[in-house]
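# Sequence plus the predicted model coming up.
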Amino acid sequence: MEEIMQSNSFFIIPLTIAYLSVCGLWFLFDKKKLAWPVEPIESPTKPWWEMGLALVACVVILAIGQLYSAGFLIPKSSEQWLNHVIWIINNFIIFSPIFMVLILRKQKLNTIFISARDILRKISFGTLASIIGVVLFIGIRGEWYRIIEVLEYSIKADALANFPATFFENVALAFLFVRLKWALGIRWAIIIPAVVFAFAHVPGSLAEGDSRSHIMTFFILTGSLTTVILYTAYRSRDIIWLGVVHYFMDLAIKAF
């Protein structure tokens, strides 16, 4: 049990420090007027209706995901390069309910925190923040040798093929967050996803036999980290730079 606790701490503490530093960097840039201008988002006349549609869309996304797991979407090919294309298309199919809602409700992309305005600045900042996050995460773990490996792997086809998947996760979170905010306000739009995300790790910790104190600590850290990330996304009104960070951090933690 002690080894498991050390292993979990060896992961969550460096990850927390890395993401907090990344978010802190954006606030520093914003304070120094170096970040991009924040675009206002028009509120709907029926916010509860929009939240209901968002929840339905999320359920459909999960259902399509199950169909993919069962092999009902585009099947894999014997060609590796074609598998990359198929994986990207399948991810677009899985998350397509979000874009269907946007089209049907005639809503702008900024309602999912996407805008082409200052896109080069967003990508550049996201890349800088990513490097800092990766160095902190790997460095705190004492795995300095992996920094170059991660950066080199990030531009390879096997890794890049997973970028849409990680980015669409950000899209889904922003989509739900904005609509929760419309109906419930900023506080609950942050609290609800943060608590749900933190609770999602509890069953796994119980199955591993972690102590109550460790589970509570892990719960607080994951919930707090999610809160900070969501608040930063809300303040920056952008997931392009966060998508870049998410991609690099997933490489650092060997998510794919």
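Yes, it's here.

# and residue 35, how many neighbours?
21 (other Cβ atoms under 10 Å). C-betas here are computed from N, CA, C, even on glycine.

# helix, strand or coil for it?
The three-state label given to residue 35 by DSSP: H, G, I helix; E, B strand; the rest coil is coil.

# go on, residue 29?
Criterion first, three-state DSSP; result for residue 29: helix.

# Could I get the contacting residues of it?
35, 125 (Cβ atoms under 8 Å, 6 or more residues apart in numbering).

# For the residue nearest the centre of the chain, which non-adjacent residue is spatially closest?
In the chain, the residue lying closest to the centroid (Cα atoms, centre = their mean) is residue 170, at 4.1 Å. Nearest in space to residue 170, with sequence neighbours left out and distances taken as Cβ to Cβ, 6 or more residues apart in numbering, is residue 239 at 4.3 Å.

# how close does that neighbour sit to residue 166?
11 Å (Cβ to Cβ, to the nearest Å).

# So for the two, which sits in the more crowded spot?
A count of neighbours by other Cβ under 10 Å puts residue 239 above the other of residue 239 and residue 166, at 25 against 21.

# Now the more buried one: phi and psi?
phi -120, psi 0 (degrees, to the nearest 10).

# got it, and residue 74?
phi -70, psi 120.

# Was I right to think the residue nearest to the centre of the chain contacts residue 243?
Yes - counting by Cβ atoms under 8 Å, residue 170 touches residue 243, with 5.0 Å between them.

# Now do the shared contacts for those two.
In contact with both residue 170 and residue 243: no residue, using Cβ under 8 Å, 6+ apart.

# Show the contacting residues for residue 115.
With the criterion set at Cβ under 8 Å, 6+ apart, residue 115 makes contact with 39, 109, 237-238, 240.

# Equivalent analysis for residue 73, please.
Taking Cβ under 8 Å, 6+ apart, one finds 64, 67, 90, 93-94 in contact with residue 73.

# measure the residue nearest to residue 170 to residue 247 for me?
12 Å.

# How about residue 185?
31 Å.

# neighbour count winner among those two?
residue 247 (24 against 12).

# Pretty sure the more buried one sits against residue 163.
Yes - the criterion here is Cβ under 8 Å, and residue 247 meets it with residue 163 at 5.2 Å.

# coming back round to it: would you reformat the contacts of residue 115 as CSV and include pLDDT and neighbour count?
Formatted as CSV, the contacts of residue 115 follow (pLDDT from 0 to 100; neighbours: other Cβ atoms under 10 Å):
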residue, pLDDT, neighbour count
39, 86, 13
109, 96, 12
237, 96, 18
238, 96, 28
240, 97, 21
